[in-house]
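Participant: pasting the sequence and the predicted model now:
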Amino acid sequence: MNLSVEQLEEKVADLLAEARKLGASAAEAAVSTNAGLSLTVRLGDVETIEHTRDQGLGVTVWFGQRKGSASTTDLGPDALRETVARACTIARHAAEDPCTGLADPERLATDRATLDLDLHHPWPLSPEEAADLARRCEAAALDFDPRITNSEGATLTTGEGSFVYGNSLGFMGGYPTTRHSLSCIVMAKDGDSAQRDWWYDSRRAPEELADPEAIGRTAGERAIARLGARKIATCEAPVLFRADVATGLARALIGALRGHAQYRQASFLLDSLGEQVFPDWVRIHEDPLLPRGLASAPFDNEGVATRAQDFIHQGQVARYVLDSYSARKLGLQSTGNAGGARNLAVESSGQSFDALLQRMDRGLVVTELMGQGVNPVTGDYSRGAAGFWIENGAIAHPVEEITIAGNLREMYRQLLAVGNDDQIPGSLRTGSWLIERMTIAGH
Amino acid sequence: MSDRIAQARRLLLEPAGLDLHHLQQAMEHLTAGDVELADLYLQLGRLESWVLDDGIVKEGNFSLELGAGLRAIHGEKTGFAYTEVLTPENLLEAADSARAIVRAGQSGRLAVSPTQAPPDLYPVFDPIDSLPDDDKIALLQRLDQVARQADPSVRQVTVSLVAAHDTVLILDEAGRLSADLRPLVRCSVQVIAERNGRREQGSAGGGTRGSLRYFLEEGRAEAYAREAVRQALVNLDAVETPAGAMTVILGPGWPGVLLHEAVGHGLEGDFNRKGLSNYAGRIGEQVASPLCTVVDHGALPDRRGSLTVDDEGTPTGETVLIENGILRGYMQDRHNARLMGVRPTGNGRRESYAHLPMPRMTNTYLRPGDHHPEEIIATVKRGLHAVNFAGGQVDITSGKFVFSLSEAYLIENGRITAPVKGATLIGNGPDVMTRVSMVGHDLALDPGIGTCGKEGQSVPVGVGQPTLKVDEITVGGTAL
């Protein structure tokens, strides 16, 4: 059984009391618990049933300006005491840091600690019902085309959990959440060409989850479309990042605007507040209070009130992504982003995906990226890619075993359009990104 | 009873008020019915980390992870449940959940017997206590100082020190009981250097299954600090990477990530049993140049990827994957080995009690050849010398893999010339391995920094290789 929000609040109160007892001048604690089911069907048969049950607790203590933290999955009283004691020991050894500490009291989300964002929709699903949904999903993928010859299976995951955060300033907030996902991975084969692709959906409420058949068909369609992929010659060309991979370009932006990267001078957008980094039609914002949003939260990881806000407005950097610590380091105020940006959205410039292909005329559509080749300090970008070659605004053939390279600063400046094809699963909403020019390496 | 089992019982069972008969009961529950394979995996993980950033030791964290995972298998079906509350009732409840995948039946009596313990490959102590806290702090501060003094262009230094200890106790369906106590330490240094308005980063580090004192010996940690600075300075001078196909010389040690991606993952038993790997059904075929012999070896002393027994209790050892270019075998866990009719190879690994085991690499490397590295470089008219990697990734179905280079140089007329920035290599495993035309005598293993991810599970691994010449591979860069 999951612990209730009230039970978690008791744990948090116990932790804060224990910290006070050990002499801490300030403390914060977060406790979470989650229970769920994950079931995989492969080639029509149930392959795995996993009953998941997670719990965890983290505590941070301050002795003046010295900080220490500890966490445990064991919520028994002994483990709780040891965890707080460990955090205290660490704090005594840490250095004095003038910027460390709890959030500024006036920014805490005290008035909406229990704000209901409609995130809790349990799905009392039996393993048999879960297997049925997964089976339908995989079958739709396998039936999509006779060249779908193998499968890694379809997986249905459902989970229900609760979370509470509290600190010694008197803030205590928490809420229950649910999340349900269905994914499918299949393999297509035609002669020597073997390709694998996948699709998924993930929602707070079961009734919002895409049809199993639709997810399966998309997985099948994506795998088939890659068959017969080949290299292309090394060249420079426009590149269209399909929406589901364009998310990475938006995440790299948030990484560069994070306060931590700014004060450490580890950002390719260093000191960029107010700077024009995109064309002036670009707007990138977050909507943390979105009902049923996958990343929605009434307060951030420090209890600071979250709010809808722009990071890029008219192409300019409107604000950094700050928690209390990095804000103090930079002489600014927290933006309620301890834990990151929530429900990030890139506003579309209005064109459909096909219109973007037409506009590109000749170039590369990227549908998969591989490797770690993004340098957060310089913005240098060099990654393995697969996708489609476009001639006369239409797909000529699938492409693989190539790389695309550029620099994120240049790429952001050369953003020509963001498509309206933004109905992708996940918490980040964006359409496809058309970039004017990148270097493509092939044969 | 082996020492490791006694220690694991003391650390895992005693505090929870459990004893072997509780595990035996849970296993009898788990195997009541049509169960062919089953295991009960108890784990206690302790981890401490310290971070120095911006000149001060500003953070430390301690974490405790305790739980039990129970698994029941019939044919290709697996039932799995875990609990973080170690009581006899919870173990029985988890056993019932896990075995619900098979037909119910009568439970038999089980006799628990400790397995023959393989020799120790590393010490069993908890490395968190291997150095006083004050000395840990002093080490971090010393490394900050060494890095800042190494060059005036150094702007930022981040140092981290991590010590972890895992205690695992494993009981299988036949009553075989095994245990392992696994220390793991890691130190890393990251610097940012700035010159003439240009900023670059460099990083270095190492680790072992042993004591934190490892970093104090032979000036190791200080060497990491200097190496991180050296890399950042090299990158400050780096020019754009030429894009296109060319000859690539891979340096010894960490560039063995190449084998891990190009060969390793594709030879994991699960992908081959399911026919998903592009190496499936190719045992006995030529899949690499005859110069290539690739092994996975989980029993190397003190290595980050080593384990005395894997997470299913199977002793680790050396598995020849490719011998003189011929595909010899796959890496197996118990489940896939059973379904494929072969022996487990000691490659059954899991991130924790909350994850299912699967075939994973341990330390994977290519055996040395007989060329001097300089002799190999001298044969290249125009190419790339790839010395250090940020990481790699593979699609095991298409065989396409990439590596992201963190340090590389142009080779012009047999000589190493300018450093290049942000290069990526992309290729197809079997194609690239067939184009290995020279192998150096300088086999080295990585300094103990590798972590491998598969299906969302991370485990520590080792890689290694001698200098290798690959006749043609696509290099991603910005210059045409």
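Facilitator: Alright, I've got the coordinates.

Participant: send the alpha carbons of the helix or strand where B:Lys58 lies over as CSV?
Facilitator: Using DSSP states H and E, B:Lys58 sits in strand B:56-74. The C-alpha coordinates for strand B:56-74 follow below in CSV (Å, rounded to 0.1, in the frame of the first residue of the first chain):
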residue,chain,number,x,y,z
ILE,B,56,34.6,25.5,-1.9
VAL,B,57,33.4,22.1,-0.8
LYS,B,58,29.8,23.1,-1.0
GLU,B,59,28.0,19.8,-1.1
GLY,B,60,28.0,16.3,0.3
ASN,B,61,25.4,13.6,0.1
PHE,B,62,24.9,10.3,1.7
SER,B,63,22.4,7.8,0.4
LEU,B,64,21.1,4.5,1.7
GLU,B,65,19.3,2.0,-0.6
LEU,B,66,17.8,-1.2,0.8
GLY,B,67,15.5,-3.7,-0.8
ALA,B,68,14.7,-7.1,-2.1
GLY,B,69,13.8,-8.2,-5.6
LEU,B,70,12.0,-11.5,-6.3
ARG,B,71,11.8,-13.0,-9.7
ALA,B,72,10.1,-16.1,-11.1
ILE,B,73,10.6,-17.4,-14.6
HIS,B,74,8.8,-19.9,-16.8
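
Participant: neighbouring strands - and their directions - for it?
Facilitator: strand A:66-72 (parallel), strand B:37-53 (antiparallel), strand B:77-83 (antiparallel) (DSSP bridges).

Participant: A:Arg429: which of those is closest?
Facilitator: A:Arg429 lies closest, by C-beta to C-beta, to one member of the strands paired with strand B:56-74: strand A:66-72, at 31.6 Å. Glycine gets a C-beta too; all of them are placed from N, C-alpha and C.

Participant: for the helix or strand following the closest one, packing partners?
Facilitator: Next helix or strand after strand A:66-72 toward the C-terminus (DSSP H and E): helix A:77-93. Packing partners of helix A:77-93 (3 or more C-beta pairs under 8 Å, 6 or more residues apart in numbering or on different chains; DSSP states H and E): helix A:5-21, strand A:45-63, strand A:66-72, strand B:56-74, helix B:133-150.

Participant: in chain A, which spans are helices?
Facilitator: Ranges of helices in chain A, per DSSP state H, are A:5-21, A:77-93, A:127-142, A:212-226, A:243-257, A:259-263, A:324-330, A:353-360, A:408-413.

Participant: including mean pLDDT and mean neighbour count, could those helices go into TSV?
Facilitator: Putting those into TSV (pLDDT from 0 to 100; neighbours: other C-beta atoms under 10 Å in any protein chain shown) gives the following:
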stretch	mean pLDDT	mean neighbour count
helix A:5-21	95	18
helix A:77-93	94	20
helix A:127-142	97	21
helix A:212-226	97	22
helix A:243-257	98	21
helix A:259-263	96	22
helix A:324-330	97	21
helix A:353-360	97	18
helix A:408-413	98	19
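
Participant: could I get those as CSV with distance to B:Thr478?
Facilitator: CSV is the format used below for the helices of chain A (distance: least, C-beta to C-beta, whole Å):
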stretch, distance to B:Thr478
helix A:5-21, 51
helix A:77-93, 44
helix A:127-142, 38
helix A:212-226, 26
helix A:243-257, 17
helix A:259-263, 23
helix A:324-330, 31
helix A:353-360, 20
helix A:408-413, 9
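
Participant: out of these, nearest to B:Arg148?
Facilitator: helix A:259-263 (17.1 Å).

Participant: quick check, the closest one touching chain B?
Facilitator: Yes: Helix A:259-263 lies within reach of chain B by C-beta under 8 Å from any C-beta of the partner chain, at A:Tyr263.

Participant: any idea what B:Val57 is bridged to?
Facilitator: B:Leu52.

Participant: which residues are in contact with it?
Facilitator: B:Val57 makes contact with A:His93, A:Ala94, A:Ala95, B:Trp50, B:Val51, B:Ile137, B:Leu140, B:Gln141, according to C-beta atoms under 8 Å, 6 or more residues apart in numbering or on different chains.
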